[in-house]
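Peer 1: my questions are about this predicted structure, shown below with the sequence.
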Amino acid sequence: MLLLKLIIVILLLFVVGSLFSALYFLMTDSSKSKRVVRSLSWRIALSLFLVLLLFIGIQTGLIVPHDVGG
């Protein structure tokens, strides 16, 4: 369970890092560079993998969601 949570946190950090690298490439690269698109594509792929990992973790019982306000 702890390993899954650690993987989720690391993936979140990679998603945020990819977002900031896209911002950096957007500000510094020429208009013909594909690095912004590539960086944002990585962010989308990592986010989808993260959502899938969360779904699998909840379905298998490794992650227990909390009932907020219930």
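Peer 2: It's in.
Peer 1: how about Ala45, what does it touch?
Peer 2: With contact taken as Cβ atoms under 8 Å, 6 or more residues apart in numbering, Ala45 is in contact with no other residue. C-beta: built from backbone N, CA, C; applies to glycine.
Peer 1: and the one helix or strand Gly17 maps to, what does it pack against?
Peer 2: According to DSSP states H and E, Gly17 maps onto helix 2-28. Packing contacts for helix 2-28, counted by 3 or more Cβ pairs under 8 Å, 6 or more residues apart in numbering; DSSP states H and E, involve helix 35-60.
Peer 1: circling back to that earlier point, relative to helix 35-60, how tilted is the helix holding Gly17?
Peer 2: Orientation of helix 2-28 against helix 35-60 (axes from the mean of the first three to the mean of the last three Cα atoms, to 10 degrees) gives an angle of 160 degrees.
Peer 1: and helix 2-28, what's buried?
Peer 2: Neighbour-count burial for helix 2-28 flags Leu11, Phe14, Val15, Ser18, Leu19, Ser21, Ala22, Phe25 (criterion: 16 or more other Cβ atoms under 10 Å).
Peer 1: in a markdown table, list the residues you listed along with pLDDT and distance to Lys5.
Peer 2: A markdown table is the format used below for the buried residues of helix 2-28 (pLDDT from 0 to 100; distance: Cβ to Cβ, whole Å):
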| residue | pLDDT | distance to Lys5 |
| --- | --- | --- |
| Leu11 | 96 | 11 |
| Phe14 | 96 | 15 |
| Val15 | 96 | 16 |
| Ser18 | 95 | 20 |
| Leu19 | 94 | 21 |
| Ser21 | 94 | 25 |
| Ala22 | 92 | 26 |
| Phe25 | 91 | 31 |
